[in-house]
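> Just the structure for this:
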Amino acid sequence: MNKSFIKFITDFGPLLVFFTFYYKSDKNLTVAIPPFIVATIIALVIVWFLEKKIPMVPLLGGIFITLFGGLTIYFDNPIFIYIKPTIINILFGIGLLVSKFFTDEPLLKKMLGKSLSLSDEGWKILNLRWVYFFFGLAILNEIVWRTQSEEFWVNFKVWGILPITIIFTAFQLSIITKFKLND
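Model prediction:
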């Protein structure tokens, strides 16, 4: 089977499961979260089986989905699942920000350096832009869940954050082009 297709399924399959159960259960988070957790764990197992490792971002996502989804169900309070994206984005932003104090190169370079060759200045700029982006997403998530309906937040989480991330990433191409090192 095609690895790209399997990666797509393991990345977006759990979200599709969540979205399907959410709308089939008349927009009930407590019904949609358990299948979401199970689908996420299955996706991580598939990745492990095929790759013999689980990349850090999906692993952290799976841990946070299980933790915050479990808290939402246990306490019957959706605030836990609402704040999950905020906490994840803040942690990613802080991780990228403080990495420069523990290592001589940006964390983004450590993560993407094998597939992308940039000057040190390029990595610093790109790393800082992602810091701002993650903090911006955290603020945006807080605004959305605190001012909009649950259904709007679910749609924003599923259909809003991904396009925003893709657009932001596309805007980084100018920095990548400007600071790309020739092999």
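
> Identify all contacting residues around stretch 174-183.
With contact meaning Cβ atoms under 8 Å, 6 or more residues apart in numbering, stretch 174-183 is reached by 116-119, 121-123, 125-126, 129. Just so you know, the C-beta spots here come from the backbone N, C-alpha and C atoms, and that holds for glycine as well.

> Secondary structure added to these, as CSV?
Converted to CSV, these look like this (DSSP: H, G, I helix; E, B strand; the rest coil):
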residue, secondary structure
L116, coil
S117, coil
L118, strand
S119, coil
E121, helix
G122, helix
W123, helix
I125, helix
L126, helix
R129, helix
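
> ok, those vs K24, which is closest?
Nearest to K24 out of these is R129 (Cβ to Cβ; 39.1 Å).

> Touching, the closest one and L173? I think so.
No: R129 sits out of contact with L173 when judged by Cβ atoms under 8 Å, with a separation of 11.9 Å.

> the more surrounded of these two?
R129 (16 against 9; other Cβ atoms under 10 Å).

> With adjacent residues omitted, what lies nearest to F36?
Leaving out its chain neighbours, the residue that sits closest to F36 by Cβ to Cβ, 6 or more residues apart in numbering is F18, at 3.8 Å.

> now swap in V154 and tell me
Using Cβ to Cβ, 6+ apart, the closest residue to V154 is Y22 (6.0 Å).
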